[in-house]
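K.L.:
The amino acid sequence is not available; the structure is as follows:
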């Protein structure tokens, strides 16, 4: 993290402990969303770094293997929480945290929710088609028709929910959500 060598030891220790507390909090928060604690700590560490770092530097400062560090960096890049940056005179890849937590939240949930919505919509559409085929082939069995209509209504309600969720995702992606819930 930032070089604290020119800071008096007592103040540097306070700064370091506070950063560690925040980094641990970031890690725990990200763990709630399915990102491992160590990857959350990696993001927190990079957040406080105030500049680009190499995998070697991260590995050294965090005491993690370069392989673990590489996996963590790849995950954070996929989530758009860090980015590869250019560094004059550096032949190694440099990475830097994206400090906009609102955008990180929007990107993370947009990616996760969109993937889930697409998968679930496909399942629901297939199920709805099958149940409608069964309904059209029905030969007057009232009990069967009642069950089919109930299931059809439930599946349609689920589809409507996912259509709403797609609108929420779009509002996150476009930033329109901030018109309703402004950034503080």
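P.N.:
Sure, I can see it. What you are looking at is a predicted structure, and each value in this text was computed from that prediction instead of being measured.
K.L.:
Where do the strands of this structure begin and end?
P.N.:
If DSSP state E is used as the criterion, the strands of the chain fall at 82-85, 94-97.
K.L.:
With adjacent residues omitted, what lies nearest to residue 170?
P.N.:
Beyond its immediate neighbours in the sequence, the residue positioned closest to residue 170 (C-beta to C-beta, 6 or more residues apart in numbering) is residue 176, lying 7.6 Å away. (Each C-beta comes from the backbone N, C-alpha and C, glycine too.)
K.L.:
give me phi/psi at that neighbour?
P.N.:
The main-chain torsion angles of residue 176 are listed as degrees, to the nearest 10 and equal phi -60, psi -20.
K.L.:
mind giving me the domain split of this structure?
P.N.:
Residue ranges for the structural domains of the chain, counted by automatic domain parsing, are given in the record as 9-98, 102-180.
K.L.:
before we move on, back to that, how much space separates the residue nearest to residue 170 from residue 95?
P.N.:
30 Å (C-beta to C-beta, to the nearest Å).
K.L.:
quick one, which of the two is more surrounded?
P.N.:
Taking residue 176 and residue 95 together and counting by other C-beta atoms under 10 Å, residue 95 has the greater number of neighbours (22 against 11).
K.L.:
residues contacting the closest residue to that one other than its chain neighbours?
P.N.:
Residue nearest to residue 95 in three dimensions, not counting chain neighbours: residue 82, with 5.1 Å by C-beta to C-beta, 6+ apart. Contacts for residue 82 (C-beta atoms under 8 Å, 6 or more residues apart in numbering) come out as 43, 46, 73, 76, 95, 96, 97, 98.
K.L.:
Name the member of the residues you listed with the most neighbours.
P.N.:
These, ranked by neighbours (other C-beta under 10 Å): first place residue 46, 26 neighbours.
K.L.:
Good, wrapping up.
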